[in-house]
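A.B. asks: whatever this is, show me its structure:
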Amino acid sequence: MPMADRRIRAMIESDLEQVLSWRNHPDIRENMFTRQEISQSEHQAWFTGLQRDPLRCALLYEEDGLPLGVITLRRLQGMSVAEWGFYRDPGAPKGTGFPMGVLALDHAFKFLGLHKVYGEVIGSNVASIGFHRRLGFLQEGLLRDHFETNGCYEDVLCFGILAEEWKSMREQKL
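C.D. replies: Here you go, the predicted model:
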């Protein structure tokens, strides 16, 4: 499918129900730092706070007008560095994540003018680790036994990509 059939756009109020259903799906929750189910009111409060915060944005990924994923970016105060987070519709076709990531990084570096995008991944989330590496992120750190769930500790991997790195490798990735 050509990239022209794929886009990201600002998340709007009418997207909340769909995004909450993805976020609360067990396959998504098991790979999140916050694993409990999110209530409708908590989700609404998150979205309201997001709209009021100029350092944060949420983007919806669509293919042929069908919503398939969400990306969040949180810029560090006074810096051109942002942390990203993302998840996709658990029923989305295999391979959906990669073009979503490409468009999100294009948006971060070209539209927002960021210098760096970084993210943290729970060590057991092998798919996300591979996803970051496939997009060209470098592992910048390892936080040992940093995340506790059900009485067990897991490592957290820190990934980052610079605008210049993305610019030089973007065409090779497509």
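A.B. asks: what's the local residue count around residue 40?
C.D. replies: Counted with other CB atoms under 10 Å, the neighbours of residue 40 add up to 10. All C-beta spots, glycine's among them, are computed from the backbone N, C-alpha and C.
A.B. asks: that one and residue 16, how far apart?
C.D. replies: Here the distance between residue 40 and residue 16 works out to 8 Å (CB to CB, to the nearest Å).
A.B. asks: again, but for residue 52
C.D. replies: 16 Å.
A.B. asks: give me the more crowded residue out of these two.
C.D. replies: Between residue 52 and residue 16, counted using other CB under 10 Å, the more crowded position is residue 16 (15 against 8).
A.B. asks: so who does that one touch?
C.D. replies: Residues counted as contacts of residue 16 (CB atoms under 8 Å, 6 or more residues apart in numbering) are 43, 44, 47.
A.B. asks: out of those, which sit inside helices?
C.D. replies: Residues of these located in helices (DSSP state H): 43, 44, 47.
A.B. asks: let me know the closest of the residues you listed to residue 74.
C.D. replies: Checking the ones in helices among the contacts of residue 16 against residue 74 by CB to CB gives residue 47 as the nearest, at 14.0 Å.
A.B. asks: report the contact partners of residue 10.
C.D. replies: 57, 58, 59, 60.
A.B. asks: in what helix or strand does the second one lie?
C.D. replies: With elements delineated by DSSP states H and E, residue 58 resides in strand 56-63, which encompasses its position.
A.B. asks: same question for residue 141.
C.D. replies: Going by DSSP H and E, residue 141 is in strand 138-149.
A.B. asks: list the helices and strands that strand packs on?
C.D. replies: strand 116-122, strand 152-162 (3 or more CB pairs under 8 Å, 6 or more residues apart in numbering; DSSP states H and E).
A.B. asks: strand partners of the longest one, parallel vs antiparallel please.
C.D. replies: Pointing back at strand 152-162 there. strand 116-122 (antiparallel), strand 138-149 (antiparallel) (DSSP bridges).
A.B. asks: with mean neighbour count, mean pLDDT and distance to residue 95 added, can I get the ones you listed in a markdown table?
C.D. replies: Listed next are the strands paired with strand 152-162 as a markdown table, based on neighbours: other CB atoms under 10 Å; pLDDT from 0 to 100; distance: least, CB to CB, whole Å:
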| stretch | mean neighbour count | mean pLDDT | distance to residue 95 |
| --- | --- | --- | --- |
| strand 116-122 | 20 | 98 | 19 |
| strand 138-149 | 12 | 97 | 23 |
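A.B. asks: could you dump those strands to TSV with distance to residue 131?
C.D. replies: Formatted as TSV, those follow (distance: least, CB to CB, whole Å):
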stretch	distance to residue 131
strand 116-122	9
strand 138-149	13
